[in-house]
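>>> Dropping the sequence and predicted coords here.
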Amino acid sequence: MRKNLLFAAAAFCAALAMVSCQKDDSNTTPGGNGGNEGEGGLTIPLPEALTNGKDYYIITLGAEEYEMLEDEGKIKMDLQPYTIDVNGETKDGIGLYVWEGTYVGGTPSGLNSCGFGEGWVSFVVGTVGWTGGAYNLTTEGLADREDLDLIKDLATGDYYLHLAYKTNQEGVAQLITLNWAEGNASDKSSYAFAIGEGSVVQSDSAGQPVATLDAITPLDGEFNVGEWEEYEIKVSDMNMKWDVTPTSANFFQFSTSPATQGTTLDLDAVFFYQKN
């Protein structure tokens, strides 16, 4: 039976392991977007989602890119994992969790999706034949978030969800699910889509299949194994109830079934934003 209880990934530090970082002082490309110093001294353009946007809600992003947006005053809300003190005990405010046994920590190597030599979220499928993980807003975290009402703006602005993904396996589709509100609350809303190649089965909380979702097309029009691919979805098309205040939520969830042992899941530059 699948375990519904999430636990903090012991390999989380490995999943966010940092490789050496080298920053281009010029941060420009001739006639193009801002960039960075890549392998062999080549300047790599930054994704348009970072150079032509505003009002960012960050789920995961490299330190260089985060600092750039922060310096420009463009970060509206930070949804990355953090801890808080609750009566002298360290608790997760926002946690990155995986279902037990479904993933082990991966080892980032090379450049992230924005062309920086930084780490990213990296997992490798384990032995149980399925996977599951999520960014979770905890009850403790909710009490600490004075800015949580900013989530409601996702329902009114012209926002997009952006993410970058790569894997080492052909024919693998990864299910991404957005959730808002807790558990089986009557006002809970969810939106699911697939990335990668092929299709993936979406199941309910009891493990029963409810839909088969075909992978959507990445921004460059073609999925390539072993390469970073960018995806964007318009938030207004999701029909989510962002005006609901949850007591907790797996607000960004990733899963697939069946899942082949050794398959990699790499995620980077996951955020909501408005285009200029």
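Received the coordinates, thanks. Numbers count the residues shown, from 1 in each chain.

>>> So what's the model's average confidence on the one helix or strand residue 251 maps to?
Using DSSP states H and E, residue 251 maps to strand 249-256. What strand 249-256 shows for mean pLDDT is 93.

>>> Can you tell me the strand partners of the helix or strand that it is followed by and which way each runs?
Once strand 249-256 ends, the next helix or strand along the chain (criterion: DSSP H and E) is strand 264-275. Taking DSSP bridges as the criterion, strand 264-275 forms sheet pairs with strand 53-60 (antiparallel), strand 121-125 (antiparallel), strand 159-166 (antiparallel).

>>> Keeping just the C-alphas, turn strand 264-275 into CSV.
What follows is strand 264-275, C-alpha atoms only, in CSV (Å, rounded to 0.1, in the frame of the first residue of the first chain):
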residue,chain,number,x,y,z
THR,A,264,16.6,10.7,-12.8
LEU,A,265,14.3,13.7,-12.0
ASP,A,266,15.9,17.1,-12.2
LEU,A,267,13.9,20.3,-11.6
ASP,A,268,15.1,23.9,-11.7
ALA,A,269,13.7,27.4,-12.1
VAL,A,270,10.3,26.6,-10.8
PHE,A,271,8.3,29.8,-10.2
PHE,A,272,5.1,31.7,-11.0
TYR,A,273,5.6,35.1,-12.6
GLN,A,274,3.9,37.8,-14.8
LYS,A,275,5.4,38.7,-18.2
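
>>> now that strand: mean pLDDT?
Mean predicted confidence for strand 264-275 is 97.

>>> picking that back up, the strands paired with strand 264-275: which one's closest to residue 262?
Between residue 262 and these, the shortest gap by Cβ to Cβ is with strand 121-125, which sits at 6.4 Å. For the C-beta atoms, the positions are set from N, CA and C on the backbone; glycine is no exception.

>>> Run a quick neighbour tally on residue 79.
Residue 79 has 21 neighbouring residues, counting by other Cβ atoms under 10 Å.

>>> Contacts only, for it.
By Cβ atoms under 8 Å, 6 or more residues apart in numbering, the residues touching residue 79 are 57-59, 94, 135, 137, 251-252.

>>> farthest pair in those residues?
Greatest spatial distance among these (Cβ to Cβ): 58 and 137, at 14.0 Å.

>>> more crowded one of those two?
Between residue 58 and residue 137, residue 137 has the larger neighbour count (other Cβ under 10 Å), namely 26 against 21.

>>> Quickly list what the more buried one is bridged to.
Beta-bridge partners of residue 137, as defined by DSSP bridges: residue 94, residue 249.

>>> That one reaches residue 246, doesn't it?
Yes - if you go by Cβ atoms under 8 Å, residue 137 and residue 246 touch, sitting 6.6 Å apart.

>>> okay, and for the protein, where does confidence drop off?
Within the chain, the stretches with pLDDT under 70 are 1-44, 183-184, 205-206.

>>> the helices in it, which residues?
Here the chain has its helices, by DSSP state H, at 12-15, 48-51, 63-71, 139-144.

>>> Output the ones you listed as JSON lines; include the columns mean neighbour count and distance to residue 259.
Converted to JSON lines, the helices of the chain look like this (neighbours: other Cβ atoms under 10 Å; distance: least, Cβ to Cβ, whole Å):
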{"stretch": "helix 12-15", "mean neighbour count": "18", "distance to residue 259": "16"}
{"stretch": "helix 48-51", "mean neighbour count": "18", "distance to residue 259": "28"}
{"stretch": "helix 63-71", "mean neighbour count": "17", "distance to residue 259": "29"}
{"stretch": "helix 139-144", "mean neighbour count": "17", "distance to residue 259": "28"}
